[in-house]
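Asks: Structural data only, the sequence is not supplied:
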Ligand SMILES: *Cc1c(COP(=O)(O)O)cnc(C)c1O
């Protein structure tokens, strides 16, 4: 016991902060056990999919050039289809990020004159330009695809009446974002998403239901594709890459829709047949293998932080006891100094770039300064412990990730240490 305290001390965590963290952690045994059970279930699901597709050493071979008969790539796509219980999947390093995967799925399956509907309010920021909500070169709007949006009700639930009214002859595809992203609405459970899909299909059975699954993979035991989604889409530098994938995105779903995506990604006529995997396959397979337990670590970090900061009186979303549907945690500090100190702590606990001090900066696409903390092995990877906060009211910080629970714990304790040192937080006397 003494030993671990001195270990924390060497990294800059005071005994008081450590003790407060322990008090919180002790109350979380039940939650952590649940998270571990989900990881166990999902780990078995991934292993089963790999065994069924007979993953073998040759799958990790380097393929270059056109990539015809790239066995590692083709098998991996079958493994993803197995994990998500879909007919087909497209998993490629040529899909550069989550936004690209979503843009690809949309542009591949919509045609001029079609309408896209978001029944869950505003989509993720970067999709505004993809859709053309904000005017942009190459947007769906430029290609004659119209867009409709139905806001959520005040309490964050679906506005079924307005959704029904919004579905019309032109409605071709419905996009549902699982995670709240950087908004204050709740994230949706897979069951809720299933209810929404059933409702949409009851009005127009042929409509394509797509789910933006970013940050949601392996948080629950089922995925949106288990409850009727025709397409699920995500980024490999988030959950399913397990921290090892250096790039990439995936789309899993109905054969015909995935075929459309492949023709759009490469070229009509070529589709899935080309696109060499360039040596990233081992990282893709191994990352997927690790993803269930990595997601569990990130979830434990999120639950730990929610309980720490809730106990100290700060608003947290989700709260300390709510069930989780993604790995993002928001903490509202109410003043810029809180956001800055929190991010300094996350940075100081990182294995990479720990000596760097993050400072708020004007970032393209944001209307205020933003502070970002990340000491990641893969640039921008947000399955690794990372945090960012726009310097504007309500002065909330959003953080996510943690490849291991001990690292997530250190990061959160370090954030608390910085807040205590800055005189922003005063720890309560030990209760009991
Ligand atoms: C991260 C994210 C995206 C975009 O992914 P990038 O890899 O950042 O392009 C889209 N939707 C949601 C909900 C996300 O969390």
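Replies: Okay, I see it. The structure presented is a predicted model; accordingly, all values stated were derived computationally and were not measured.
Asks: For the helix or strand hosting residue 174, which helices and strands make contact with it?
Replies: Here residue 174, judged by DSSP states H and E, is contained in strand 171-177. Under the contact criterion of 3 or more CB pairs under 8 Å, 6 or more residues apart in numbering; DSSP states H and E, strand 171-177 touches helix 98-109, strand 115-118, helix 190-203, strand 208-212. Backbone N, C-alpha and C define where each C-beta goes, glycine included.
Asks: in stretch 329-343, what's buried?
Replies: By neighbour count on 16 or more other CB atoms under 10 Å, the buried set for stretch 329-343 is 329-333, 336, 338-343.
Asks: thinking again about what came up before, could you check how far the strand holding residue 174 is from the centre of its chain?
Replies: 19 Å (CA atoms, centre = their mean, to the nearest Å).
Asks: Okay, now the sheet partners of it, with direction.
Replies: Under the criterion DSSP bridges, strand 171-177 sits next to strand 115-118 (parallel), strand 208-212 (parallel) in its sheet.
Asks: which ones are touching the residue in the stretch 1-150 of the chain that the ligand sits nearest to?
Replies: Nearest to the ligand in the stretch 1-150 of the chain, going by CB to the nearest ligand atom, is residue 98, at a distance of 2.4 Å. Residues in contact with residue 98, defined by CB atoms under 8 Å, 6 or more residues apart in numbering, are 212, 214, 233-235, 237-238, 249.
Asks: Show me the two of these that sit farthest apart.
Replies: Spatially, the most separated pair among the contacts of residue 98 is 212 and 237, at 15.1 Å (CB to CB).
Asks: how about the residues of the stretch 51-200 of the chain near the ligand?
Replies: When proximity is defined as CB under 6 Å from any ligand atom, the stretch 51-200 of the chain approaches the ligand at 97-99, 124, 126, 177, 179, 181.
Asks: What about residue 352, how many residues nearby?
Replies: 12 (other CB atoms under 10 Å).
Asks: residue contacts, the residue lying closest to it once chain neighbours are set aside?
Replies: The spatially closest residue to residue 352, leaving aside those adjacent along the chain, is residue 375, at 4.3 Å (CB to CB, 6 or more residues apart in numbering). Each residue near residue 375 by CB under 8 Å, 6+ apart is listed here: 347, 349-354, 356, 384-385.
Asks: Tell me which helix or strand the residue in the stretch 301-432 of the chain that the ligand sits nearest to sits in.
Replies: Using CB to the nearest ligand atom, the single residue of the stretch 301-432 of the chain nearest to the ligand is residue 382, 6.8 Å away. Using DSSP H and E, residue 382 sits in no helix or strand.
Asks: I'd like to know how many residues surround it.
Replies: Look at residue 382: counted by other CB under 10 Å, it has 25 neighbours.
Asks: cool, and residue 236?
Replies: The burial count for residue 236: 32, using other CB under 10 Å.
Asks: farthest pair in the buried residues of stretch 329-343?
Replies: Across the buried residues of stretch 329-343, the longest distance by CB to CB is 19.1 Å; it joins 329 and 336.
Asks: low-scoring pLDDT stretches of the chain, where are they?
Replies: For the chain, the stretches with pLDDT under 70 are 1-2, 365, 430-432.
Asks: the strands in it, which residues?
Replies: Per DSSP state E, the chain carries strands over the ranges 88-92, 115-118, 146-149, 171-177, 208-212, 231-235, 249-253, 316-317, 329-332, 361-362, 369-374, 386-390, 396-400.
Asks: what comes up buried for the second one?
Replies: What that stands for is strand 115-118. Buried positions in strand 115-118, judged by neighbour count with 16+ other CB under 10 Å: 115-118.
Asks: quick one: the helices in the chain?
Replies: 2-10, 15-26, 29-52, 71-84, 98-109, 125-131, 160-166, 190-203, 255-265, 281-311, 336-348, 405-421 (DSSP state H).
Asks: Now for residue 258: which residues touch it?
Replies: Taking CB under 8 Å, 6+ apart, one finds 86-90, 231, 251-252 in contact with residue 258.
Asks: again, only this time at 7 Å
Replies: Residue 258 makes contacts with 88-90, 251, as judged by CB atoms under 7 Å, 6 or more residues apart in numbering.
Asks: Please apply the same query to residue 314.
Replies: Going by CB under 7 Å, 6+ apart, residue 314 touches 331-333.
Asks: I'd like the distance between it and residue 343.
Replies: To residue 343, residue 314 is 15 Å away according to CB to CB, to the nearest Å.
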